[in-house]
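*Asks:* build me a model from this:
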Amino acid sequence: MATEKAHRPPLDLYGLNARYANATYIAASKSKSLEKVETELLAIKATAEKSKPFASFLENPLISRDLKSKQVEELLKGQTTPVTMNLMTTLAGNARLNSITGIVDSYVMQMKAKRGEVEATIISADPLNKSQEAAVKEAMKSQFPAGAKVVLKTEVNPDIMGGLQIQIGDKFLDLSVGSRIEEVGRTVV
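*Replies:* Presented below is the predicted three-dimensional model:
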């Protein structure tokens, strides 16, 4: 029972993609290849996003499951861990290769949680310089558990006119000038 808990994914994710991602996480944990599997899955996802023929292969329902399984095995043989190979051949056999992007995203979420990483997105009207980015990161530390590693992504959206919009997981804080103007407009009318 103790070994089971040691290999359990850190997050409770649900849905079809999460089922495959959780099973892959457990298998990778047991084989001590969590990071290697993450790297391989991210490479497969990147290839699917960049290569039209590969994406077409993944999504084509006209290719039989057996043929897809054999082709996936030939393609990945000797290049991936047994865990990644097992995931890909299982997906091919279950006609779920078209779900690989969502499965990889779920696996990466599990890995970020394992590493204690918390992702935050800062949206500003103009690009933030390094000192502004550092100030925002420092101000946000109180929003995270102690010891969490903040992975800060910045985006630029001129439509907010000024200020910031902050997304932390499923929480959204809107401190933009555009939303304040909209708020005042609603109260005046």
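*Asks:* not counting sequence-adjacent ones, nearest residue to the most centrally placed residue in the chain?
*Replies:* Averaging the C-alpha coordinates of the chain gives a centre point, and the residue nearest to it by Cα atoms, centre = their mean is Asp105 (3.4 Å). Once its chain neighbours are removed from consideration, Asp105 has its nearest residue in Asn17; the separation is 7.2 Å (Cβ to Cβ, 6 or more residues apart in numbering). The way it works is simple: take the backbone N, C-alpha and C, and place the C-beta from them, glycine included.
*Asks:* give me the pLDDT value at Ala2.
*Replies:* Confidence at Ala2, expressed as pLDDT, is 50.
*Asks:* then Asp170?
*Replies:* As summarised for this prediction, Asp170 has a pLDDT of 71.
*Asks:* so what's Glu181 up against?
*Replies:* Let me fix one detail, which is that residue 181 is Ile and not Glu. Contacts of Ile181 were listed using Cβ atoms under 8 Å, 6 or more residues apart in numbering, and they are Met161.
*Asks:* let's verify it: helix, strand, or coil?
*Replies:* Secondary structure state of Ile181, per DSSP: H, G, I helix; E, B strand; the rest coil, is helix.
*Asks:* immediately after the helix or strand of the chain with the lowest mean pLDDT, which helix or strand?
*Replies:* Across the helices and strands of the chain, mean confidence by mean pLDDT, DSSP states H and E is lowest for helix 2-7: a mean of 72. Sequence order places helix 16-30 as the next helix or strand after helix 2-7, per DSSP states H and E.
*Asks:* returning to that earlier point: what's the one helix or strand the residue nearest to the centre of the chain maps to packed up against?
*Replies:* Here Asp105, judged by DSSP H and E, is contained in helix 100-115. Under the contact definition 3 or more Cβ pairs under 8 Å, 6 or more residues apart in numbering; DSSP states H and E, helix 100-115 sits against helix 16-30, helix 34-50, helix 82-93.
*Asks:* now the helix or strand just after it: average pLDDT?
*Replies:* Later in the chain than helix 100-115, the nearest helix or strand by DSSP H and E is strand 117-124. Per-region confidence: strand 117-124 scores 85 on mean pLDDT.
*Asks:* who are the packing partners of the very next helix or strand once past strand 117-124?
*Replies:* Taking DSSP H and E as the definition, the helix or strand that follows strand 117-124 towards the C-terminus is helix 130-140. Packed against helix 130-140 by the contact rule (3+ Cβ pairs under 8 Å, 6+ apart) you find strand 117-124, strand 149-156, strand 163-168.
*Asks:* in the shortest one, which residues are buried?
*Replies:* The one in question is strand 163-168. Within strand 163-168, the residues scored as buried using 16 or more other Cβ atoms under 10 Å are 164-168.
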